[in-house]
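Chemist: quick one: sequence plus predicted model below, questions after.
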Amino acid sequence: MKTEQQTFKKINATKQMKEIMELHFRELDEAAKTKSKKIAWCTSVGPAELLRAAGFLVFFPENHGAMLGASRMATDLIPVANALGYSPDICSYLTSDIGSYIKGQSPISKAYPGISGPPRPDVLVYNTNQCRDVQDWYNFYAREFNIPCIGIQTHRGVGDVTKAHVDSISAQIKALIPTLEEVSGKKLDYDEFKHVVGLSRQCTDLWKEVLQIASNVPSPLTFFDGAIQMGPAVILRGEQRAVDFYKLLLAELKLRVKDKVAAIDGEQFRIYWEGMPIWGKLRELSTQFAELSACVLASTYCSSWVFTALDPDDPFDSMARAYTELVIVRDENYKERYFEAEIERYKIDGMIFHDAKTCPNNSNNRYGMPERLSKKYNMPMLVINGDLNDLRCYSEEQARTNIEAYIEQLSEKKGR
Ligand code: SF4
């Protein structure tokens, strides 16, 4: 049996990450209390750069959703939203967040004493590039607070991203500006916009390098580390402090590679995680995989905040392209090619598909993908039924047994 230290190899930069995250929440809280700055709520792959340049502080409700999941508060709060008519089958970030609002209970107040919960917004801005749920989620708050809810309707099931896609999304991003200026009372600062897009691009390049360092054997990073370290890439992209943080993290991981420090001692199996994290069970899952000498080292999820198309010299069109190129927006053929490249890049032995009950958008096992990849790579695949936040959809016992049997299968295949 491995020791606690072997199972969870501490990343020193986590301390800095926690500090900048706390600062972010305290700034939002202060602005909401003193009305010193306007606040925009933005979807996680929404036009955050434009909002910052328009003078808003930006809050991301999906990050709050993940906190509700990780703190396991979600499962008790979801039924509160269900009682209002929000189905148990729709996004459990949405239902747990609305339940949290109704009940006045938030993990933010537990993590950061003195802050009662999410900061009250002045405007709500979404992009449907990930799903329709975000629009319905924000419209709940638009009715509640009587504030504008504006957004971008992205094409779905996109094969190649064409000029027509980019032109239409770019025009929709520009169409947000009059409402944002009206709410903020300021004109959009175009130079600041370019500057923010430039910072976001730097953040993305560093985050991509952090994730791809896992292609080393042994990997210095796990998916479970990534799910924690991704915070700044999501909620602080476009800010200098995110760039500074990822430089620090990358330096630490490069040192691990140089010294051949493995995230999982005795790494024997390299696993790809496809789909949403099961937020309330990250620790249990990471422990089980570590005990089986299996390193879950890459995921589509963590890579969803890599926006390499961003270009400060062409902010509108490059944002339109970056936010349309995401895997979640693309068709099945593109996704299959993407997974093939990932299997090869990370030298993957096995792939786990999380079929999340309330997020069909991020569950890519439902149209024969595991079967096609399995055939092509002669690789066993595992599908785990669960959910991002609603633990009533997840049987821990069954998942444990299935993971154990799966690693056994990979072991036999390797002739061990
Ligand atoms: S992509 Fe999935 S988890 Fe994210 S907001 Fe949409 S339904 Fe919820």
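Modeler: That came through fine.
Chemist: for the rest of this, base every contact and every neighbour count on C-alpha atoms.
Modeler: Noted.
Chemist: contact residues of the stretch 301-416 of the chain facing the ligand?
Modeler: 359, 361-362 (Cα under 6 Å from any ligand atom).
Chemist: need the buried ones from the residues you listed selected in PyMOL.
Modeler: In PyMOL, this line selects whichever of those come out buried by 16 or more other Cα atoms under 10 Å:
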select buried, resi 359+361+362
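Chemist: now, the residues of the stretch 301-416 of the chain next to the ligand that are in strands?
Modeler: Secondary structure defined by DSSP state E assigns none of those to strands.
Chemist: for the host helix or strand of Asp355, what does the pLDDT average out to?
Modeler: Using DSSP states H and E, Asp355 maps to strand 350-356. For strand 350-356, mean pLDDT rounds to 98.
Chemist: strand partners of it, parallel vs antiparallel please.
Modeler: With DSSP bridges as the test, strand 350-356 is paired with strand 269-274 (parallel), strand 381-386 (parallel).
Chemist: so for the first one, what's the average pLDDT?
Modeler: Averaged across strand 269-274, the pLDDT comes to 98.
Chemist: just checking, next helix/strand downstream of that strand?
Modeler: helix 282-291.
Chemist: now the stretch 1-150 of the chain against the ligand: closest residue?
Modeler: Cys91 (4.2 Å; Cα to the nearest ligand atom).
Chemist: so which of the strands paired with strand 350-356 is the most packed in?
Modeler: strand 269-274 (a mean of 23; mean count of other Cα atoms under 10 Å).
Chemist: hey, C-alpha coordinates of it in PDB?
Modeler: Backbone C-alpha positions of strand 269-274 (Å, rounded to 0.1, in the frame of the first residue of the first chain) are rendered in PDB as follows:
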ATOM      1  CA  PHE A 269      -0.700   2.500 -16.900                       C
ATOM      2  CA  ARG A 270      -1.300   5.800 -18.700                       C
ATOM      3  CA  ILE A 271      -5.000   6.700 -18.800                       C
ATOM      4  CA  TYR A 272      -7.000   9.400 -20.600                       C
ATOM      5  CA  TRP A 273     -10.100  10.800 -18.900                       C
ATOM      6  CA  GLU A 274     -12.900  11.800 -21.300                       C
END
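Chemist: can you list contacts of that strand?
Modeler: With Cα atoms under 8 Å, 6 or more residues apart in numbering as the test, strand 269-274 has contacts from 223, 293-301, 343, 346-354, 363-364, 407, 410.
Chemist: list the contacts of stretch 328-335.
Modeler: The contact list for stretch 328-335 (Cα under 8 Å, 6+ apart) reads 129-130, 155-159, 327, 361-362.
Chemist: sort out which residues of it are buried, please.
Modeler: Those would be 328-330, 332, 334-335, for stretch 328-335 by 16+ other Cα under 10 Å.
Chemist: on that earlier part again, now the residue of the stretch 1-150 of the chain closest to the ligand: closest residue in space, sequence neighbours ignored.
Modeler: Thr358 (4.8 Å; Cα to Cα, 6 or more residues apart in numbering).
Chemist: pretty sure the one you found sits against Ser96.
Modeler: No - counting by Cα atoms under 8 Å, Thr358 sits too far from Ser96 to count as a contact (11.6 Å).
Chemist: in terms of neighbours, single out the busier of these two.
Modeler: Ser96 (29 against 23; other Cα atoms under 10 Å).
Chemist: can you pull the contacts of that one?
Modeler: 65, 68, 74-75, 77-78, 81, 389.
Chemist: quick one: the helices in the stretch 151-300 of the chain, in order.
Modeler: 163-175, 177-184, 190-212, 223-229, 231-235, 240-258, 282-291 (DSSP state H, counting those that start in this stretch).
Chemist: quick one: closest of those to Pro312.
Modeler: Smallest distance to Pro312 across these (Cα to Cα): 4.6 Å, for helix 190-212.
Chemist: next, the angle from that closest one to helix 240-258.
Modeler: 20 degrees (axes from the mean of the first three to the mean of the last three Cα atoms, to 10 degrees).
Chemist: give me the contacts around stretch 299-307.
Modeler: 45, 201, 204-205, 207-208, 211, 223, 226-227, 230, 233-234, 272-277, 322-323, 326-327.
Chemist: ok, 7 Å please
Modeler: By Cα atoms under 7 Å, 6 or more residues apart in numbering, the residues outside stretch 299-307 that reach it are 201, 204, 207-208, 223, 226-227, 230, 233-234, 272-276, 322, 326.
Chemist: what of stretch 345-356?
Modeler: By Cα under 7 Å, 6+ apart, stretch 345-356 touches 214-215, 269-276, 363, 365, 379-388.
Chemist: how does it look with 6 Å?
Modeler: 215, 270-275, 363, 381-387 (Cα atoms under 6 Å, 6 or more residues apart in numbering).
Chemist: can you measure across stretch 125-134, start residue to end residue?
Modeler: By Cα to Cα, to the nearest Å, the extent of stretch 125-134 from end to end equals 9 Å.
Chemist: how about stretch 357-376?
Modeler: Note: stretch 357-376 ends 27 Å apart using Cα to Cα.
Chemist: would you mark the buried spots in it?
Modeler: Those buried within stretch 357-376 under the rule 16+ other Cα under 10 Å are 357-365, 369-370, 373-374.
Chemist: among these, which two are most distant?
Modeler: The distance between the two most remote of the buried residues of stretch 357-376 (Cα to Cα) is 25.2 Å, for Thr358 and Ser374.
Chemist: is it true that Thr154 touches Gln130?
Modeler: No - Thr154 lies out of contact with Gln130 (Cα atoms under 6 Å); the separation is 8.5 Å.
Chemist: pLDDT value on Lys258, please?
Modeler: 98.
Chemist: that one: how many residues sit nearby?
Modeler: 10.
Chemist: please apply the same query to the one 4 residues further on.
Modeler: The burial metric for Ala262, expressed as a neighbour count using other Cα under 10 Å, is 21.
Chemist: how much space between it and the ligand?
Modeler: Taking Cα to the nearest ligand atom, to the nearest Å as the measure, Ala262 and the ligand are separated by 31 Å.
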